[in-house]
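pasting a predicted model and its sequence here:
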Amino acid sequence: MINPIGITNYQSVSATQSSQYVQKHTASEMNDSHAESANSLSFPDRTHDFTNMTLEEQSKAAQDLYDQGVISMGEHAFMTGKYGLIEHDGQLGGTTLAQAKSEKINVIDTMKDNLAAVKSQAGGDSEVVKNYHSLIRKLEVYQFGLNASA
């Protein structure tokens, strides 16, 4: 079954790998003489708005983040799965290709809603839940800066 963001089985993405980019880049970007604010620390240039994008834009943004090393291959597949299926089949679960290219969604909020549903089914300690948290965290850091939380 596919959820609004992508593939439901999200176990292939490790939580450790998910935070490596943030840890690697934030430590080296801290200014020793002046503590910079969290929002001034930069992820790769913020060219995508995960609070207002179509499934097609989400798919392209996921490819960009994957190419930049921000997300893993599993996270990339998770974020592009639904659009890929719609693009291939013309529709999925009532969403047409035209809708996937035109209707805007808040990806982060949608992922949080999906996470709540997964938690109610799988419990709070499953790998799926941990992976959701990790990907949401990455998107929030990309979108809002380092002080965001899932």
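Here it is on my side, so go on.

how many residues are close by residue 135?
For residue 135, the count of nearby residues is 26 (other CB atoms under 10 Å). C-beta: built from backbone N, CA, C; applies to glycine.

quick one: it and residue 76 touch, right?
No - using CB atoms under 8 Å, residue 135 makes no contact with residue 76, being 10.1 Å away.

and residue 51, that's in a helix?
No - with DSSP: H, G, I helix; E, B strand; the rest coil as the criterion, residue 51 is located in coil rather than a helix.

pLDDT weak spots in this protein?
Along the chain, the parts satisfying pLDDT under 70 run over 1-45, 124, 147-150.

can you show me the strands along it?
Assigned by DSSP state E, the chain shows strands spanning 91-92, 95-96.

what would these look like in a markdown table with mean neighbour count?
Conversion of the strands of the chain to a markdown table gives the following (neighbours: other CB atoms under 10 Å):
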| stretch | mean neighbour count |
| --- | --- |
| strand 91-92 | 16 |
| strand 95-96 | 15 |
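
closest one to residue 48 among those strands?
Nearest to residue 48, of all the strands of the chain, is strand 95-96, at 20.3 Å by CB to CB.

so which elements touch the closest one?
Other elements packing on strand 95-96 under the criterion 3 or more CB pairs under 8 Å, 6 or more residues apart in numbering; DSSP states H and E are helix 73-89.

just the buried residues of the helix it packs on, please?
74-87 (16 or more other CB atoms under 10 Å).

and the closest residue to residue 62 other than its chain neighbours, how far from residue 125?
Excluding the flanking residues, the one nearest residue 62 by CB to CB, 6 or more residues apart in numbering is residue 79, at 3.7 Å. Residue 79 is 23 Å from residue 125, where distance means CB to CB, to the nearest Å.

now residue 115
Separation of residue 115 from residue 125 (CB to CB): 13 Å.

coming back round to it: format the strands of the chain as a markdown table; extra columns: distance to residue 140.
Formatted as a markdown table, these follow (distance: least, CB to CB, whole Å):
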| stretch | distance to residue 140 |
| --- | --- |
| strand 91-92 | 27 |
| strand 95-96 | 25 |
